[in-house]
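K.L.:
Quick one: sequence and predicted model below, then my questions.
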Amino acid sequence: MTIKEKAPLRFRHEWKHLISPQDDLLISQRLRKLFPHDPHAGSHGFYRVSSLYFDTPYDKALREKVDGVNRREKFRLRHYNDDLSFIRLERKMKSSGLCAKQSARLSLEETRRLLEGDYDFLLQREEPLLIDFYSKLKGQMLRPRTLVVYDREPFLYAPGNVRITLDRNLRTGLASTDFLSPPPFPAPVSDGLTVLEVKYDNFLPEIVQMTVQTPDRRAGAYSKYAVCRRYD
């Protein structure tokens, strides 16, 4: 077996804030006047994100997040707008406050096999991410734990390679059961709050800083996965 070379990791800055509906209204109006939507969001500017997170029997990913471990990772499957023709496996990594992400496409059939506990096809793909995922499915007993669903409004700003997102209506469901057949009304868990995220490379332009400012935002780490795990 010839393993493909790993793509170099690109770590970026990332910060998150919880904001009230009133602040959401104010900030979203500013953003729409100044920055374009991500073209993947379509003409209406929104898309739905559905992610299935994996964890060990001892909740390694959850505990490392809660404990603030400096170097940590999470694996998840993800699709958008319930479109099962485009499913990705992603690994999100954090190190010294910076974040990076690796991804690999999976077919619907491969995803079904994965959720049924058939992992051998991952080795046949010869991609480093999939091989590492296979080793942790076997060695750490990673398994699907929680479905995380939300509605995202994304904006882009080229200087600094900035991406600003407003994530609303956070909700959860049964792990592998609901990922490929999401229920019409998953359980809401956001308490009406919006998650404001800003990601950028080496610098954050002043215009972005000014646009997302609000006196009432709650600064600090926020994990959609950890919030949804409260409802297991």
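P.N.:
Structure's in. What do you need?

K.L.:
Secondary structure element holding Pro154?
P.N.:
For Pro154, the element it lies in under DSSP states H and E is strand 143-157.

K.L.:
What of Arg72?
P.N.:
In the assignment (DSSP H and E), Arg72 maps to strand 71-80.

K.L.:
I'd like the next helix or strand past that strand.
P.N.:
Note on strand 71-80: by DSSP H and E, the next helix or strand toward the C-terminus is strand 87-95.

K.L.:
what packs against that following strand?
P.N.:
strand 71-80, strand 98-106, helix 128-139 (3 or more C-beta pairs under 8 Å, 6 or more residues apart in numbering; DSSP states H and E). C-beta coordinates here come from the backbone N, C-alpha and C atoms, glycine included.

K.L.:
In contact with the spatially most central residue of the chain: list those residues for me.
P.N.:
Nearest to the geometric centre of the chain sits Ser51, at 6.9 Å (C-alpha atoms, centre = their mean). By C-beta atoms under 8 Å, 6 or more residues apart in numbering, the contact set of Ser51 is 76-78, 147-149, 224-225.

K.L.:
The one helix or strand it maps to: how far from the chain's middle?
P.N.:
Assigned by DSSP H and E, Ser51 falls within strand 47-55. Between the mean C-alpha location of strand 47-55 and the chain-wide mean there is a distance of 7 Å, by C-alpha atoms, centre = their mean, to the nearest Å.

K.L.:
do stretch 180-193 as well
P.N.:
For stretch 180-193 - counting by C-alpha atoms, centre = their mean - the centre lies 16 Å from the chain centre.

K.L.:
what does stretch 62-82 give?
P.N.:
Using C-alpha atoms, centre = their mean, the mean C-alpha position of stretch 62-82 is found 8 Å from that of the whole chain.
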